[in-house]
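**Q** After the sequence you'll find the predicted model.
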Amino acid sequence: MKFLIAISTITLLLVTYQANARDSKYMYPIKEAFESGQFQNRLDPNIKFYWGEQKPTQKIERSFGKYTSNKKTNAFNKSDREACEWVLLSALLSLEERAKREGGNAVINIASYYKKNTVVSETNYECHAGTFIAGVALNGEVVKLAE
């Protein structure tokens, strides 16, 4: 009997926690994230990123298709902004890897794509942060630009 009461209590606590789970939406500046040493040291300078409706200066030789990167990170003991920048880097590294694998050298038309909701911006990215997890989802087209 005590076992059933304990299981019921734990279940109730988990359901209550889920109902009250934090999911804060942020729109953070892309430029500030890219200026951090973390981004400059990890991203390949040979792969270019174009956000929103920014147009590359070179001609597009070939498109390899659209790809989505949906990343989550541990937000525990981090500020929301710190967790969001970390997970943005992870999402961009994923798109960068896809570009390399396909033979591209750029990702264009990058948009936030959290829970399949598209937000197009040249200046900001969307991030959702909770108590323990932060997430960023990006959509972009991998292309080969003329050199």
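**A** Structure's in. What do you need?
**Q** which residues of this structure fall in helices?
**A** 2-19, 30-35, 37-42, 80-102 (DSSP state H).
**Q** Glu32 - how many residues pack around it?
**A** Residues contacting Glu32 under the criterion other CB atoms under 10 Å number 12. Every C-beta, even on glycine, is put in place using the N, C-alpha and C of the backbone.
**Q** nope, Asn139 is what I meant
**A** By other CB under 10 Å, the residues close to Asn139 number 20.
**Q** next one: Thr131
**A** Here the count is done by other CB under 10 Å, and Thr131 has 12 residues near it.
**Q** Below-threshold pLDDT in this structure: ranges please.
**A** 1-20 (pLDDT under 70).
**Q** How about the contacts made by the closest residue to Arg62 other than its chain neighbours?
**A** Excluding the flanking residues, the one nearest Arg62 by CB to CB, 6 or more residues apart in numbering is Lys144, at 4.4 Å. Taking CB atoms under 8 Å, 6 or more residues apart in numbering, we find Lys144 in contact with 60-62, 64, 103-106.
**Q** next one: Ile110
**A** Neighbouring residues of Ile110 by CB under 8 Å, 6+ apart: 49-52, 95, 138-140.
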